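Asker: From the sequence below, what's the structure:
(one chain, ligands or ions: 1)
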Amino acid sequence: MNILLQQITHALSDEQVLAGYDKVAELYPHTPSLLMCRAWEYAAYQDRELPQPVLDVGCGDGRWFQFVWPEITDVSGLDMEPEAIKRALESGVYRKVWQADAASMPVDAGIFATVFANSSLEHMDNIHTVLTNIERVLRPDGLFIFSIFNDEIAKWFVPATLARAQGEDALAYRLYNEWLGYHHLVNPLSIENWCAALVDAGFEVLEHIPILPEMSGRLFLLLDSLWHIQQDAGELGDWLQPYLQTVPGFPMASRGILQSALAMESNRSVGCGAVLVAKKKSCDGEVVQNPNRSCWCDNSRLISFSAHYLACTNCGTLVSQAGLGPDQIPVRDDSSDFYGREYWFSYQREHLGLPNIAQRARLDLPERCLYWLRTLLTYKLPPARTLELGSSHGAFVGLLRNAGFEATGLELSPWVVDFARQTFDIPMLHGPIEEQHLPEQSFDVIVLNDVLEHLSDPLTTIKHCVALLKPEGLLLIQTPCYPEPKTYTELVRKDDPFLKMLREDEHLYLFSQRAVRCLLEPLGLSVLEFKSALFPYDMYVVVSRQPVLQYTEDQITASLMASPSGHLVQALLDKACETDQIRTQLAISEADRAARLELINRLDQQLQASEADRAARLAVIEDLKAKLDAGAAVHSTRATTASFAVRWLRSVARLFQRRKARR
Ligand SMILES: [Zn+2]
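Answerer: This next block holds a predicted model:
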């Protein structure tokens with residue numbers, strides 16, 4: 001058990017468990033296995049207040065919920081089984097009952113203060129989707145309390161222990177798996193993995209209360225496996241229960257058995273079941289006082305995110321607390337200012353591991369420039385007036401001009417402006433867009449590729465761009481995409497590619513899709529189409545004031561083939577398309593190769609295991625033969641007891657096998 005789990009583990013005392021038993025005996029007086037298990041659960045739930053409204057996932061007939069939380073009135077239920085739903089509705093416990101799979105529950109987001117699930121999650125397929133859905137329907141800070149079984153059951157399942165003691169490993173395996181199958185127990189995860197799955201789904205785990213530690217657990221598992229043995233017209237429990245009703249003082253006698261088991265418990269911090277209490281992670285964390293930089297949306301209520309970034313409580317943008325001030329962004333001196341000449345040489349190489357601008361002018365053309373052109377051509381055909389902010393070496397502007405667009409670039413550094421003019425023979429503007437004297441409504445398209453995140457005042461810059469756009473004009477934006485609401489820890493645990501974008505010196509604002517909407521929609525840019533970006537950490541969004549039409553491949557080709565340089569561009573696009581196809585084929589073939597290799601490795605392992613097994617069996621045969629040759633006269637008397645136990649276990653297995661899984 002890891003240290004974090006130890007810190008949140010709270011073991012139940014004898015008194016709590018026995019008080020739970022006394023209470024639960026009112027409900028199930030003559031079902032010993034259920035009594036053993038529910039006594040622990042009841043004890044773990046006692047003295048807790050559940051904020052309302054509550055959702056009971058896997059609610060069954062509602063009897064248990066009403067028994068545990070009689071004072072709660074605002075509760076809804078969810079279950080898959082029509083018969084359970086019918087009885088739940090009749091019980092009057094629930095305001096509403098949904099008949100649905102918890103992995104796809106038709107419940108609105110953020111409406112419940114608590115979700116409760118008693119012994120239901122371990123039976124559900126797609127558990128990770130189920131947990132994500134539960135997180136979704138909870139309010140921020142909402143409580144999630146539930147009981148589950150875990151992988152300790154494999155160690156403590158008594159029928160399997162007995163079979164193994166008789167050297168019947170295969171039988172032990174079969175007994176255990178048939179018991180799992182009977183209960184449709186598909187998620188016997190370790191307690192650590194239950195906690196990890198909760199964290200993955202956006203929860204903070206607050207408490208782990210082990211239930212059914214070893215002795216109580218073994219007792220419960222033995223009683224439960226016997227109770228469900230198939231008889232001709234039902235289960236063993238069906239005739240045992242009426243019989244137990246005739247045994248005077250049965251519940252008290254059974255309490256004594258539980259008490260004895262409790263007296264023998266040596267480690268209460270591990271159980272074969274648990275009640276876990278978790279909280280939906282809040283988006284309202286601790287507000288940081290006096291942040292160095294407020295959000296672009298003018299909100300200064302920012303909460304901590306990572307060492308150098310805070311998150312805006314209003315729009316979700318990550319705001320760098322380091323980085324350049326507004327007066328450090330323009331380039332006045334190319335030899336010393338941040339975005340001067342060296343930014344394109346030593347800084348790109350040393351800090352970003354990228355080739356220098358001269359190499360990039362060649363490398364970017366058949367890669368990102370073609371991706372951007374293909375996207376643009378889908379929405380706008382040449383000729384059209386196009387401006388690219390932060391056009392760097394100018395390759396994309398050059399490509400646009402060859403495609404037939406009237407394209408211009410813009411850069412902050414005089415040196416880069418000159419480099420782009422010389423390299424691609426293109427018109428370039430120098431300085432921030434706010435300082436340019438350009439007529440309003442004069443551009444069809446304005447492109448900002450990898451620019452938005454560098455701006456010190458993105459709202460003002462975008463307002464300028466919007467003023468320059470014709471009414472039907474388009475904004476094309478590529479910027480890193482913060483996968484809101486993931487925390488920094490979650491990103492680190494998943495090794496998320498977005499982590500590479502946390503470059504506090506340059507990336508002053510990192511937008512999520514929601515943050516981009518917050519930025520653009522108030523400016524009248526109501527149409528946002530998010531395209532799949534070229535890089536996994538980016539978003540690419542096509543923005544307009546009015547609905548946009550898309551051109552077909554044929555229309556795009558006809559437009560390009562109308563000019564000599566357009567022919568060259570079309571040929572480049574054809575090659576890019578061919579490369580994409582080859583990449584896809586390669587990926588398919590690689591996946592196939594890996595799958596075949598895995599199969600070979602698996603078969604090889606099986607072969608080795610089977611060889612080892614064969615050798616072991618041979619050794620046993622030879623050993624037995626030797627014993628037989630020696631004439632073991634005492635053999636028959638000793639064998640009687642062993643074969644009786646095996647016969648008994650085999651009959652248990654046969655009985656299990658006849659039983660079909662209920663769920
Ligand atoms: Zn904001």
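
Asker: make it CA atoms for all contacts and neighbour counts henceforth
Answerer: Will do.

Asker: Around the ion, pick out the residues from the protein.
Answerer: When proximity is defined by C-alpha under 5 Å from the ion, the chain lies next to the ion at C295, C297, C312, C315.

Asker: May I have the residues that are in contact with A170?
Answerer: By C-alpha atoms under 8 Å, 6 or more residues apart in numbering, no residues touch A170.

Asker: Which pLDDT value belongs to it?
Answerer: Listed pLDDT for A170 reads 87.

Asker: Next SSE downstream of the strand or helix carrying it?
Answerer: Using DSSP states H and E, A170 sits in helix 169-182. As assigned by DSSP H and E, the chain's next helix or strand after helix 169-182 is helix 191-200.

Asker: In that following helix, which residues are buried?
Answerer: I191, W194, C195, A197, L198, V199, D200 (16 or more other C-alpha atoms under 10 Å).

Asker: for stretch 493-503, same thing?
Answerer: F498, M501, L502, R503.

Asker: And the strand or helix carrying E207, what does it pack against?
Answerer: In the assignment (DSSP H and E), E207 maps to strand 203-211. Judged by 3 or more C-alpha pairs under 8 Å, 6 or more residues apart in numbering; DSSP states H and E, strand 203-211 is in contact with helix 3-8, helix 32-45, helix 191-200, strand 273-280.

Asker: hey, least reliable of these by pLDDT?
Answerer: What stands lowest among the helices and strands packed on strand 203-211, in mean pLDDT terms, is helix 3-8, with a mean of 82.

Asker: hmm, who's touching it?
Answerer: So helix 3-8 is contacted by E192, L206, E207, H208 (C-alpha under 8 Å, 6+ apart).

Asker: Select only the buried ones of the residues you listed in ChimeraX?
Answerer: Provided next is the ChimeraX selection string for whichever of these are buried by 16+ other C-alpha under 10 Å:
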select :206,207,208
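
Asker: And the contacts of helix 3-8, which is closest to I462?
Answerer: Of all the contacts of helix 3-8, L206 has the smallest distance to I462: 43.9 Å, by C-alpha to C-alpha.

Asker: wait, what's in contact with the nearest residue to the closest one once chain neighbours are set aside?
Answerer: Among residues not flanking L206 along the chain, A278 sits closest, at 5.1 Å (C-alpha to C-alpha, 6 or more residues apart in numbering). By C-alpha under 8 Å, 6+ apart, the contact set of A278 is L143, F144, I145, L198, F203, E204, V205, L206, E207.

Asker: From W344, how far off is A278?
Answerer: Distance, A278 to W344, by C-alpha to C-alpha, to the nearest Å: 49 Å.

Asker: Whatever residue of the stretch 501-650 of the chain ends up closest to the ion: neighbouring residues, count only.
Answerer: Using C-alpha to the ion, the single residue of the stretch 501-650 of the chain nearest to the ion is A515, 7.1 Å away. Other residues lying near A515 total 20 when counted by other C-alpha atoms under 10 Å.

Asker: now swap in W239 and tell me
Answerer: Residues near W239, counting by other C-alpha under 10 Å: 13.

Asker: Now name the helix or strand holding L410.
Answerer: Counting by DSSP H and E, L410 is part of strand 406-411.

Asker: Can I get that strand in PDB, CA atoms only?
Answerer: Presented in PDB, the C-alpha positions along strand 406-411 are these (Å, rounded to 0.1, in the frame of the first residue of the first chain):
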ATOM      1  CA  GLU A 406      -2.600  38.400 -53.000                       C
ATOM      2  CA  ALA A 407      -0.700  37.700 -49.900                       C
ATOM      3  CA  THR A 408       1.400  39.800 -47.500                       C
ATOM      4  CA  GLY A 409       3.400  38.900 -44.400                       C
ATOM      5  CA  LEU A 410       4.100  40.800 -41.100                       C
ATOM      6  CA  GLU A 411       6.900  40.500 -38.700                       C
END
